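Peer 1: Take a look and give me a structure for this.
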Amino acid sequence: MHKSLYCLAAAIWVTLAVSCGTSSKTVENDFYNKRNELSVTSKDGLFSSRHISFGSYTSGEKENGVDKHIINFPAQRAPFHFSFNDADGNTTSVQAVYTDRASLKGKYLPGVLDSMGTGEIFYAWVRGGTVNALKNWELMVRNPTYQNLVNDDEVGEFHSLTENISVHAHDRFGSSNSFTNMCFEFRLRGVPIGAVTVNGKKNRVWIDRQLDAETRFALAGAIAALIMR
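Peer 2: Below you'll find the predicted structure:
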């Protein structure tokens, strides 16, 4: 009798373990589907700078320089800015630059960047742009290594005063030990909500359609900055 109960309990435990593992894997895989993917268009005109669109989101032209009242770091490289809007009439401004850890002194830094020794950090500032939103967002991402891509490591963060979204990097859409089709994935409390592959003009974008409009719009702005950089 005891042996039968033990076998039954073991069988239930195995079933639950397999079920949970499958569920976790399914949730991750289900994010990269046609429902969440947005078609990307990128244009570089002969007499105009780059501008992009994906889904209902459209950027203005990429222009050199940043607003010094917003970004004025001691060390900065390749500064640029662009406007960004959607089909619902929301509009925002995105300012972006390459800098280093020392220049970000005084700002909140996620642990993965605070522990950095040397190396560049890509920083983007996204103004709260939806009708009911006043908060601004900051994107901070370091360049991943091959090992980071293999391990799906955290390489930065996208945050406002009230929300923290971790940024991870992986190579599941490209070759192993290669930055071809490298993907940045945004996770809210461990769940993927946005992603973008950065490979020249062949970008792919995914944003969770169930995400609230405010976060979705800010996230789209951050993704646009990663494509534009």
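
Peer 1: Report the contact partners of Asn148.
Peer 2: Going by C-beta atoms under 8 Å, 6 or more residues apart in numbering, Asn148 touches Val155, Ala169. (Glycine included, C-beta is placed from N, CA and C.)

Peer 1: Checking Leu149 next. Helix, strand or coil?
Peer 2: Here Leu149 is recorded as helix under DSSP: H, G, I helix; E, B strand; the rest coil.

Peer 1: Kindly state the domain boundaries assigned to this structure.
Peer 2: In the domain annotation for the chain, the residue ranges read 1-31, 34-228 (automatic domain parsing).

Peer 1: winner for burial among the ones you listed?
Peer 2: Mean neighbour count (mean count of other C-beta atoms under 10 Å) peaks for domain 34-228 among the domains of the chain, with a mean of 17.

Peer 1: Next secondary structure after the helix or strand of the chain with the lowest mean pLDDT?
Peer 2: Per-element confidence for the chain was summarised using mean pLDDT, DSSP states H and E. The lowest value among helices and strands belongs to helix 2-31, with a mean of 44. Counting by DSSP states H and E, the element after helix 2-31 in chain order, helix or strand, is strand 37-38.

Peer 1: So Phe158 lies in a strand, does it not?
Peer 2: Yes. Going by three-state DSSP, the assignment for Phe158 places it inside a strand.

Peer 1: Identify all residues paired with it through a beta bridge.
Peer 2: Leu139, Ile165 (DSSP bridges).

Peer 1: The nearest residue to Ser178 once chain neighbours are set aside and Phe186, how far apart?
Peer 2: Leaving aside its sequence neighbours, Ser178 sits nearest to Asp171 (C-beta to C-beta, 6 or more residues apart in numbering; 6.7 Å). Counting by C-beta to C-beta, to the nearest Å, the gap from Asp171 to Phe186 is 17 Å.

Peer 1: go on, Arg142?
Peer 2: 15 Å.

Peer 1: I figured His168 was touching Asp153, is that so?
Peer 2: Yes. Using C-beta atoms under 8 Å, His168 is in contact with Asp153, at 6.4 Å.

Peer 1: helix or strand for the spatially closest residue to Asp67 that is not a sequence neighbour, which one?
Peer 2: Distances taken as C-beta to C-beta, 6+ apart place Gln95 nearest to Asp67, at 5.8 Å, with adjacent residues excluded. When secondary structure is defined by DSSP H and E, Gln95 falls within strand 91-100.
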